[in-house]
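[1] Fold the following.
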Amino acid sequence: MNLLRTVLGITAVLILSMLAACGGGGSSSPTSNSPPTLPATSAHNYTTCNNQQVPNWRAGAFVTGYKAAVSALINHYGSNPNVGYLRVGLGRGGETNLPHDWQDTTTPCGQAFAAWGYTAGADASFTWNAYLKTVMDYEGGLNSPKKLMVSLTPVWDTPKGTDIPDFVGSVASQDGLAIGNEGLEASDIANFNASQPCGGNWCALFAQYGGQTAPLELQTFGQSCPSGTGCVNQYSATTGPLPPLLPFAIARGATNLEIYHQDWLIAFNPSDPNNGQYGAAYQSAIQTAADFATMQVLFPPSGPGAPDYAPVQAYLMNNPSVSGAVIAVEWSDFDLGNGRYDFTMIDNTLQPWINAGKKVNLVLHNTSYGSSFCPGSGAGSKGTVASNCAVPGWMWTALAQ
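    Coordinates of the predicted model:
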């Protein structure tokens, strides 16, 4: 996924130009809860940040439409015994973050968010917090038969990197929502050992709320880097090798682990280029963790033309260590507008895992991870804006009014 991670304390800051916050801490720049008065930069309730078109999440049309979509998703899958939890994204991706430039008023992005009155901080007097609480309270009132989950994700330029995660954890516990973090990485171990917060403060929040909400979910920041060097990308380098992360996560209370399918293949696919040197260690770590937590294949390829589709089918679909799969669902995948919903594409994506006797868990995106492109088929193919396929076309029209 496309993410931003700012690690607190003694560790370094990783910034990629196309990222948004995920899993880690935030900066120390002060944020007032009194929104500045600036002229609107657009008559629309959307803008462009880091080459991605993003909505005004707080716009009435957006909130109303998204609440209805969440309710429809629960109504459709609530009675399906093969579906596990639903993680509802409230900001970018399946998380609670804002674009990196949301407070940079030298950019059209920052000017728009200032004109919309966005602030973020420690409590509901800040407008982003109030929006998060509004949607989380709505979820809590739905009495969902499936566990609903929210991400502990920091937001750029909040007074403390832990402000938003701490706030979200508190509201989630009151609303009966599960919590998770999408940034498990090597620095979490170092920070914890140095009495510093883990990214998104998940270590402390798991300890605080572990007896009140379940499952406690962790996802690695990116696919891992077995050697610690020569990694496939900077996300992988930040994540580090997988084997040390899993026992650390279990020891800190995690009960559900979402592992990128590439890491599963290192462990179980003999043809994987990393299997010969690292496969045994990866397999042992995964199998040991499976005794204490449910183990999910994160974002597996969904079609025969996708990379790794064949080995996932061969080595993971019927693997006893695999509890289930985590499937990304774009809002545009099923919401046709005017109260009409079609879940056919999602149902088809889930069915192979269900046929294999695995649970499927859904992550709902109301905004895509980072700048990407709309695929020709599968999840996201119904989106009409290339940089943000999650928002339905009809919603962009509503936001332009």
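[2] Break down the protein into its strands, ranges please.
    Applying DSSP state E to the chain gives strands spanning 5-6, 13-14, 46-49, 52-55, 83-88, 148-151, 178-184, 216-220, 256-260, 294-298, 324-330, 335-337, 340-341, 359-365.
[3] would you list the ones you listed in CSV and tack on mean pLDDT?
    Formatted as CSV, the strands of the chain follow (pLDDT from 0 to 100):
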stretch, mean pLDDT
strand 5-6, 34
strand 13-14, 29
strand 46-49, 96
strand 52-55, 95
strand 83-88, 98
strand 148-151, 98
strand 178-184, 97
strand 216-220, 98
strand 256-260, 98
strand 294-298, 98
strand 324-330, 96
strand 335-337, 98
strand 340-341, 98
strand 359-365, 97
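[4] Nearest to Gly279, out of those?
    Taking CB to CB, strand 256-260 is the member of the strands of the chain nearest to Gly279, at 14.3 Å. The C-beta positions use only the backbone N, C-alpha and C, and glycine is treated the same way.
[5] thinking again about what came up before, buried deepest among the strands of the chain, which one?
    Neighbour counts (mean count of other CB atoms under 10 Å) averaged over each of these peak at strand 178-184, with a mean of 30.
[6] list the helices and strands that strand packs on?
    Where contact means 3 or more CB pairs under 8 Å, 6 or more residues apart in numbering; DSSP states H and E, strand 178-184 is packed against strand 148-151, helix 163-175, helix 202-209, strand 216-220.
[7] And these: which comes nearest Thr397?
    The closest of those to Thr397 is strand 148-151. By CB to CB, the value is 28.3 Å.
[8] As JSON lines, the helices and strands packed on strand 178-184 with distance to Ala285 would be great.
    Supplementary listing: the helices and strands packed on strand 178-184 in JSON lines, determined by distance: least, CB to CB, whole Å:
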{"stretch": "strand 148-151", "distance to Ala285": "24"}
{"stretch": "helix 163-175", "distance to Ala285": "26"}
{"stretch": "helix 202-209", "distance to Ala285": "19"}
{"stretch": "strand 216-220", "distance to Ala285": "12"}
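[9] For Ala120, which of the ones you listed is the nearest?
    Closest among these, once you apply CB to CB, is helix 163-175, at 6.3 Å.
[10] Can you pull out the residues in contact with the closest one?
    Under the criterion CB atoms under 8 Å, 6 or more residues apart in numbering, residues 26, 96, 120-124, 128-129, 132-133, 136-137, 139-141, 150-155, 158, 177-179, 181, 200-202, 205, 208-209, 212-213 lie in contact with helix 163-175.
[11] Pull the distance from it to the chain's centre.
    Put simply, helix 163-175 sits 16 Å off its chain's centre (CA atoms, centre = their mean, to the nearest Å).
[12] which secondary element of this structure has the worst mean pLDDT?
    In the chain, the helix or strand scored least confidently by mean pLDDT, DSSP states H and E is strand 13-14, which has a mean of 29.
[13] Report how far apart the opening and closing residues of stretch 299-310 are.
    One end of stretch 299-310 to the other measures 14 Å (CA to CA, to the nearest Å).
[14] List the buried residues for it?
    Across stretch 299-310, burial judged by 16 or more other CB atoms under 10 Å covers 299-302, 308.
[15] And the residue nearest the centre of this protein?
    Gly94 (3.3 Å; CA atoms, centre = their mean).
[16] show me what contacts the nearest residue to it once chain neighbours are set aside?
    Closest residue to Gly94 apart from its sequence neighbours, by CB to CB, 6 or more residues apart in numbering: Val363 at 3.9 Å. By CB under 8 Å, 6+ apart, the contact set of Val363 is 86-87, 89, 94, 326-329.
[17] Gly141 is in contact with Gly176, correct?
    No - between Gly176 and Gly141 there is no contact under CB atoms under 8 Å: 9.7 Å.
[18] Which residue of the two possesses the greater neighbour count?
    Gly176 (16 against 10; other CB atoms under 10 Å).
[19] Spatially nearest residue to that one (excluding sequence neighbours)?
    Per CB to CB, 6+ apart, closest to Gly176 is Gly140, 5.5 Å.
[20] For Val171, see how far away the one you found is.
    Plainly put, Gly140 is 9 Å away from Val171 if you go by CB to CB, to the nearest Å.
[21] ranges for the helices of the stretch 101-250 of the chain?
    Using DSSP state H, counting those that start in this stretch, the helices assigned to the stretch 101-250 of the chain run over residues 108-115, 127-140, 163-175, 186-193, 202-209, 234-239, 242-251.
[22] Dump the strands of the chain into CSV; add distance to Asn233 as well.
    As requested, the strands of the chain are arranged in CSV below (distance: least, CB to CB, whole Å):
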stretch, distance to Asn233
strand 5-6, 13
strand 13-14, 11
strand 46-49, 21
strand 52-55, 18
strand 83-88, 23
strand 148-151, 21
strand 178-184, 15
strand 216-220, 13
strand 256-260, 12
strand 294-298, 16
strand 324-330, 19
strand 335-337, 32
strand 340-341, 36
strand 359-365, 21
